[in-house]
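A.B. asks: sequence isn't available, so here's the structure alone:
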């Protein structure tokens, strides 16, 4: 695969992520804040971006979205779970939800 193809795929992923983020925010803001691990200011900004602005933002050579799990051990717990399959999904959700994104404020700052 050529370098150009990788860049095209990154840009497609970025645009899909941004469109999904906008849709999540418009349908259920509080759930979107939790799932996207973003704060209210970022949510407000993402919600107001035009199609042209989204496209411009997506056309970078860096992924906009990233793993919220920065610990390899936590990711191993999610992917190598020996629990009963009926509980595996719930366990994975709990593990993924317990780490907050480092930019989220812990309380009111003002």
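C.D. replies: Received it, and whenever you're ready, just let me know what you need. Bear in mind the structure is a predicted one, so any value in this text is a computation, not a measurement.
A.B. asks: gap between the spatially most central residue of the chain and residue 71?
C.D. replies: Centroid-nearest residue in the chain: residue 36, 4.2 Å away (criterion: C-alpha atoms, centre = their mean). Distance check for residue 36 against residue 71: by C-beta to C-beta, to the nearest Å, it reads 19 Å. For the C-beta atoms, the positions are set from N, CA and C on the backbone; glycine is no exception.
A.B. asks: ranges for the helices of the chain?
C.D. replies: 3-27, 29-36, 40-48, 51-58, 72-79, 85-98 (DSSP state H).
A.B. asks: so which of the ones you listed is nearest residue 66?
C.D. replies: Among the helices of the chain, helix 3-27 comes nearest to residue 66, with 10.0 Å by C-beta to C-beta.
A.B. asks: what sits up against stretch 40-59?
C.D. replies: Contact with stretch 40-59 is made by 11-12, 14-15, 18-19, 21-22, 25-26, 29, 32-33, 36, 38, 64, as judged by C-beta atoms under 8 Å, 6 or more residues apart in numbering.
A.B. asks: try it again with 6 Å
C.D. replies: With contact meaning C-beta atoms under 6 Å, 6 or more residues apart in numbering, stretch 40-59 is reached by 11, 14-15, 18, 21, 25, 33.
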